[in-house]
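Student: build me a model:
(chains A, B, C and D)
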2 protein chains.
Amino acid sequence: MDKKADIIAVARAARVSPSTVSRSFNHPELVKASTRKKIDSAVRRLGYIRNRAAQTIHGIRSGTVGLIVPTVDHAIFAELIQSFSEAIEELGFTILLASHGYDLQREYALARKMLEHRVDGLALIGIEHEAETFGLLKRQNVPTILLWNYTQASAFPSVGSDNFEAGRLVGAHVGQLGHRHVAGLFPPLTGNDRAQYRRDGVEAALAGFGVHIPEIWDIETPYSVAAAKQAVAQLLSQGDLPTALICGNDVLAWGALHALSRAGLNVPGDITVTGIGDFKGSRDFEPALTTVRIPARQIGAKAAKAIATRITAADAEITGEHVIPELVQRDTCAPLATV
Amino acid sequence: MDKKADIIAVARAARVSPSTVSRSFNHPELVKASTRKKIDSAVRRLGYIRNRAAQTIHGIRSGTVGLIVPTVDHAIFAELIQSFSEAIEELGFTILLASHGYDLQREYALARKMLEHRVDGLALIGIEHEAETFGLLKRQNVPTILLWNYTQASAFPSVGSDNFEAGRLVGAHVGQLGHRHVAGLFPPLTGNDRAQYRRDGVEAALAGFGVHIPEIWDIETPYSVAAAKQAVAQLLSQGDLPTALICGNDVLAWGALHALSRAGLNVPGDITVTGIGDFKGSRDFEPALTTVRIPARQIGAKAAKAIATRITAADAEITGEHVIPELVQRDTCAPLATV
DNA sequence: AATAGTATTGCAAATGTTTTCATTTTTTGG
DNA sequence: CCAAAAAATGAAAACATTTGCAATACTATT
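Tutor: Modelled structure (predicted):
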């Protein structure tokens, strides 16, 4: 039982040659049905499990796709990872997952490691990465795809939304509602092009209304409900209040909403709040959050398909895909009560 | 540049034999410093990347650990995956991730696939799995660990909390507060031993107070804020109200809280609510959720360490680890106003 | 300067598959 | 029943490494 069960043992047990066993797995139509049956039975008897490492060595695909994310446990990425993984499993691949905690140097190291494992393809979050990383991937000629953010001009095809546009959407919305005293609540921008673009979009749109986020209302806070809640609580204690609060993502908005609720402020009566992302739960918040939908599931699924295509049809020059972000108006925004 | 860069090419470029190159990687102390330098330079020049598949074939560890979860995008698992992945990466392994959507048949197939990839170890969520799966893992002698739930009697070592105890904790708490009209809000129990145990714990504790959850108040709902909110909204519309609502996990509790807030009910004044899990965000909810802390990060980290130990020291008979669940009282529970 | 150690390196076999090509077996048609 | 064609199988080389063993190159002693 504990004798190594390799293809040779199977061959012996089935009284055929190893070649035939191999063929029976890979090109069943080339082996006689009766032999196949003998082999299958031997496989079962010995509890044989194929060794992909040995296959991979022959230039055969490893059947793995690398996925490197900043972190798993942000609502944003969890959804993305889930849909990506579902879709890619469906296509017969297995995911090699790693997280770098927004450290792009670390990301490079992880990419290397994945290459050692000979992943058939690689998916990265965001479009900005170390030149070193891009160089490595280009040189090794690994099918690579950039997730979450979309631009035409990225180093590799990207599948995602235009985050600048997402920011612009909320900026324009609160501008149109008449708000002129606007605060911003964003996560740290380093190593996070998504947040950066969103912010730029917000500012650009606001500028169109002659609005600028003043420094006192320009808050940067870690990505968490707790941190956002605390930051907003502090903002509230400062006295002078904005009429609108634009949050860089829904999690931050949730924190803000909780802080506001605790302070007894009415949303949107006293203050307008927006998020970006439309995470699971935002629709069901009380009050329901007005935000911009960036369909993570769709992005994950499309990305999986794109990279699988690129892997199986080596020549297929996949182009990126733009998933359009969309403002979804719910109950946290109100026009500025005109004086 | 595009010539395959294998160890032989490196050897040629460095004017040494392949054996020496290999040794330089694996037992650097056995090769002269000057030779090592030549090799390193050749490696850099050729952009050589080691091929783990070729190593794995020699019985050398693959450097991967499989992690099979029901789903990634539930807050519970995201946190667990993140901490597990951080810790396991730290230890030099890479994660192979797959999700089965609570389909234990599917889980078996995934486990097989991971075995094909020759994972060095495997982590599964929950302690109940198909006999077929356990058999496979036992036969292949793969270091396996069961996450999230803890019992002594599990087929493989388990690292997690006693979910029955977690349930008992909340049950006892609301019982002690004097509540006798109690509703339960749980996720589907099939393929989910964690939820099952919690529920059993709740019922056992409640029974100690002579309390039983009546059928009308025994609600099963998908794991999501939206579903929970809707389910509770429906409960509220039925007229007769419980004085306490015990939720199988924090996400469901959030949904309940939103529904209650929307209905204008005061928590805990009008109704007591509890969760289980203490997810990120529960502490900062308004009102802050009373729940049972099951420290996902700790479980992930401990599990990673345990399995790595088992992998590197093959004989080390690792025992499971029990992370004690703990009631954390916040603002959603109040004693029953005595008549 | 010769000898015995010790440190370094290379040779060749081994790892578990797949695949090309040759060989054997079976089938088909006359 | 035979030859030719087709189908099925096997032998051996190839894939990218590692490693035990033997060979060579240094160092330190005397």
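Student: mind listing what A:Leu289 touches?
Tutor: A:Leu289 sits next to A:250, A:253-254, A:257, A:273-275, A:278, A:282-283, A:330-332 when contact means C-beta atoms under 8 Å, 6 or more residues apart in numbering or on different chains. (Glycine included, C-beta is placed from N, CA and C.)
Student: pull out the buried members of those.
Tutor: Buried subset of the contacts of A:Leu289 (neighbour count, 16 or more other C-beta atoms under 10 Å in any protein chain shown): A:250, A:253-254, A:257, A:273-275, A:278, A:282-283, A:330, A:332.
Student: which of those fall in strands?
Tutor: In strands, defined here by DSSP state E, the members of the buried ones among the contacts of A:Leu289 are A:273-274.
Student: dump the buried ones among the contacts of A:Leu289 into JSON lines; add pLDDT as well.
Tutor: Listed next are the buried ones among the contacts of A:Leu289 as JSON lines, based on pLDDT from 0 to 100:
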{"residue": "A:Asp250", "pLDDT": "97"}
{"residue": "A:Ala253", "pLDDT": "98"}
{"residue": "A:Trp254", "pLDDT": "98"}
{"residue": "A:Leu257", "pLDDT": "98"}
{"residue": "A:Val273", "pLDDT": "98"}
{"residue": "A:Thr274", "pLDDT": "98"}
{"residue": "A:Gly275", "pLDDT": "98"}
{"residue": "A:Asp278", "pLDDT": "96"}
{"residue": "A:Ser282", "pLDDT": "96"}
{"residue": "A:Arg283", "pLDDT": "96"}
{"residue": "A:Arg330", "pLDDT": "98"}
{"residue": "A:Thr332", "pLDDT": "98"}
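Student: and the buried ones among the contacts of A:Leu289 near chain B, which?
Tutor: Cross-checking these against chain B (C-beta under 8 Å from any C-beta of the partner chain) gives A:254, A:283 as the overlapping residues.
Student: closest one of the buried ones among the contacts of A:Leu289 to DNA strand C?
Tutor: Of all the buried ones among the contacts of A:Leu289, DNA strand C sits closest to A:Asp278, with 44.6 Å by C-beta to the nearest atom of the strand.
Student: what segments of the stretch 201-339 of chain A are strands?
Tutor: Remark: strands assigned in the stretch 201-339 of chain A by DSSP state E, counting those that start in this stretch are A:218-220, A:244-247, A:272-274, A:291-293, A:321-322, A:326-328.
Student: just name the most buried of those.
Tutor: Mean neighbours per residue, mean count of other C-beta atoms under 10 Å in any protein chain shown, is largest over the strands of the stretch 201-339 of chain A for strand A:244-247, with a mean of 30.
Student: what lines up beside that strand in the sheet?
Tutor: Strand pairing for strand A:244-247, using DSSP bridges, gives strand A:182-186 (parallel), strand A:272-274 (parallel).
Student: quick revisit: now distance to DNA strand C too, for the contacts of A:Leu289, in CSV please.
Tutor: Shown next, in CSV, are the contacts of A:Leu289 (distance: C-beta to the nearest atom of the strand, whole Å):
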residue, distance to DNA strand C
A:Asp250, 46
A:Ala253, 51
A:Trp254, 50
A:Leu257, 55
A:Val273, 57
A:Thr274, 54
A:Gly275, 49
A:Asp278, 45
A:Ser282, 47
A:Arg283, 48
A:Arg330, 53
A:Asp331, 58
A:Thr332, 56
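Student: which of those fall in helices?
Tutor: Within those, residues falling in helices by DSSP state H are A:250, A:253-254, A:257.
Student: from these, which is closest to B:Arg44?
Tutor: A:Asp250 (44.4 Å; C-beta to C-beta).
Student: spit out the contact partners of the closest one.
Tutor: By C-beta under 8 Å, 6+ apart, the contact set of A:Asp250 is A:75, A:275-279, A:281-282, A:289, A:291.
Student: just put the residues you listed in a markdown table and tack on distance to A:Lys4.
Tutor: Listed next are these as a markdown table, based on distance: C-beta to C-beta, whole Å:
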| residue | distance to A:Lys4 |
| --- | --- |
| A:Ala75 | 45 |
| A:Gly275 | 55 |
| A:Ile276 | 54 |
| A:Gly277 | 50 |
| A:Asp278 | 52 |
| A:Phe279 | 48 |
| A:Gly281 | 50 |
| A:Ser282 | 53 |
| A:Leu289 | 57 |
| A:Thr291 | 56 |
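Student: what's the most distant pair in those?
Tutor: A:Ile276 and A:Gly281 (14.3 Å).
Student: residues of chain A that sit close to DNA strand D?
Tutor: A:15-20, A:23, A:30-32, A:34-35, A:54, A:57-59 (C-beta under 7 Å from any atom of the strand).
Student: ok so, going back, in JSON lines, list the strands of the stretch 201-339 of chain A along with distance to B:Leu122.
Tutor: Converted to JSON lines, the strands of the stretch 201-339 of chain A look like this (distance: least, C-beta to C-beta, whole Å):
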{"stretch": "strand A:218-220", "distance to B:Leu122": "41"}
{"stretch": "strand A:244-247", "distance to B:Leu122": "40"}
{"stretch": "strand A:272-274", "distance to B:Leu122": "44"}
{"stretch": "strand A:291-293", "distance to B:Leu122": "37"}
{"stretch": "strand A:321-322", "distance to B:Leu122": "34"}
{"stretch": "strand A:326-328", "distance to B:Leu122": "41"}
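Student: relative to A:Val202, which of those is closest?
Tutor: Closest to A:Val202 of these is strand A:244-247 (C-beta to C-beta; 5.6 Å).
Student: roughly how far is the closest one from the heart of the chain?
Tutor: Centroid separation between strand A:244-247 and its chain, computed with C-alpha atoms, centre = their mean, to the nearest Å, is 24 Å.
Student: still on that earlier bit, tell me the one of the contacts of A:Asp250 nearest DNA strand C?
Tutor: The closest of those to DNA strand C turns out to be A:Ala75 (C-beta to the nearest atom of the strand; 40.5 Å).
Student: wait, that closest one touches A:Phe279, no?
Tutor: Yes: between A:Ala75 and A:Phe279 there is a contact under C-beta atoms under 8 Å: 4.6 Å.
Student: hang on, A:Phe156 in a helix?
Tutor: No: counting by DSSP: H, G, I helix; E, B strand; the rest coil, A:Phe156 is not part of a helix but coil.
Student: disregarding residues adjacent in the polypeptide, which is nearest to it?
Tutor: Among residues not flanking A:Phe156 along the chain, A:Thr144 sits closest, at 4.4 Å (C-beta to C-beta, 6 or more residues apart in numbering or on different chains).
Student: burial count for that neighbour?
Tutor: 24 (other C-beta atoms under 10 Å in any protein chain shown).
Student: circling back: of A:Ile276 and A:Gly281, who's got more company?
Tutor: Between A:Ile276 and A:Gly281, counted using other C-beta under 10 Å, the more crowded position is A:Ile276 (33 against 22).
Student: cool, thanks, signing off.
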